[in-house]
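Everything below, folded, please.
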Amino acid sequence: MSFAPSSPVTGAAVTGLTSPTYTIVADVAPNINGKQYAITALGGTQSNVDTNTVSKPFTITFFRPAVLRTLPQANPVTGVIRNVPVNTYKLITRKGVAPAANQVPMVARITTIIEVPAGSDTYEPEDLKALLSMHFGTGWNQATGIADTVITGVI
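Sure, this is the predicted structure:
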């Protein structure tokens, strides 16, 4: 299955948000190699959180490479594959935030870049699944700690 989050998305547990959910609708991605969703409604208790607007966007976008690279042939003499190409995927979440009272909103971003050596998708897909499971599981598990660090600067 491709990137297709179901609505509503259940947010990770973060201190100050009670049972957060996010209703999403398909949006137009910045280019043809992406899928974008806009957050149009909030669930749970999320005081003072805004949904997507032109001035304060709240979107999530997933991009695939414009050209998917494949594994080149191995050297016929040595059997070595030199210069393995990498397919780069990106997951970007954008949220409009005000930097101070009476100021123009700015965009806060989280960008996850996923770099996959060509061929590994066929040869070791289970290791790629483990990579993604660990990465997003840690983000899910540590959402409050990461939020605290982003707000306080203490790691």
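
In contact with residue 84, which residues are there?
Neighbour list for residue 84: 71, 72, 117, 118, 119 [criterion: C-beta atoms under 8 Å, 6 or more residues apart in numbering]. Bear in mind the C-beta positions are built from the backbone N, C-alpha and C, glycine included.

Centre of the chain to the edge, which residue is at the far end?
residue 77 (41.7 Å; C-alpha atoms, centre = their mean).

nearest residue to residue 116 other than its sequence neighbours?
Leaving aside its sequence neighbours, residue 116 sits nearest to residue 87 (C-beta to C-beta, 6 or more residues apart in numbering; 4.9 Å).

what helix or strand does that neighbour sit in?
Using DSSP states H and E, the element containing residue 87 is strand 86-97.

Can you mark which positions in that strand are buried?
87, 92, 94, 95, 96 (16 or more other C-beta atoms under 10 Å).

next one: stretch 31-48
Buried residues in stretch 31-48 (16+ other C-beta under 10 Å): 34, 35, 36, 37, 38, 39, 40, 42, 46.

which residue is nearest the middle of the protein?
residue 91 (3.0 Å).

which residues sit in contact with it?
60, 61, 62, 63, 111, 112, 114.

one more time with 10 Å
3, 60, 61, 62, 63, 110, 111, 112, 113, 114, 136 (C-beta atoms under 10 Å, 6 or more residues apart in numbering).

host element of the fourth one?
Spelled out, it's residue 62. Residue 62 belongs to strand 58-63, assigned by DSSP H and E.

Give the pairing partners of that strand; include direction for each.
strand 34-45 (antiparallel), strand 86-97 (antiparallel) (DSSP bridges).

ok, back up a step: mind listing what the helix or strand just after the strand holding residue 87 pairs with, with the direction of each?
For strand 86-97, the following helix or strand on the C-terminal side (DSSP H and E) is strand 106-117. Here strand 106-117 is paired, per DSSP bridges, with strand 86-97 (antiparallel).

Give me the distance between the strand it pairs with and the centre of its chain.
Distance of strand 86-97 from the chain centroid (C-alpha atoms, centre = their mean, to the nearest Å) equals 5 Å.

before we move on, what about stretch 105-116?
That offset, for stretch 105-116, works out to 7 Å (C-alpha atoms, centre = their mean).

The chain should start at 437 in everything you say after this.
With the count now opening at 437, the last piece we talked about shows up as stretch 541-552.

now what about it, what contacts it?
Residues external to stretch 541-552 that are found in contact with it (C-beta under 10 Å, 6+ apart): 486, 489, 491-501, 504-505, 521-535, 564, 567-568, 571-572, 575, 582, 586.
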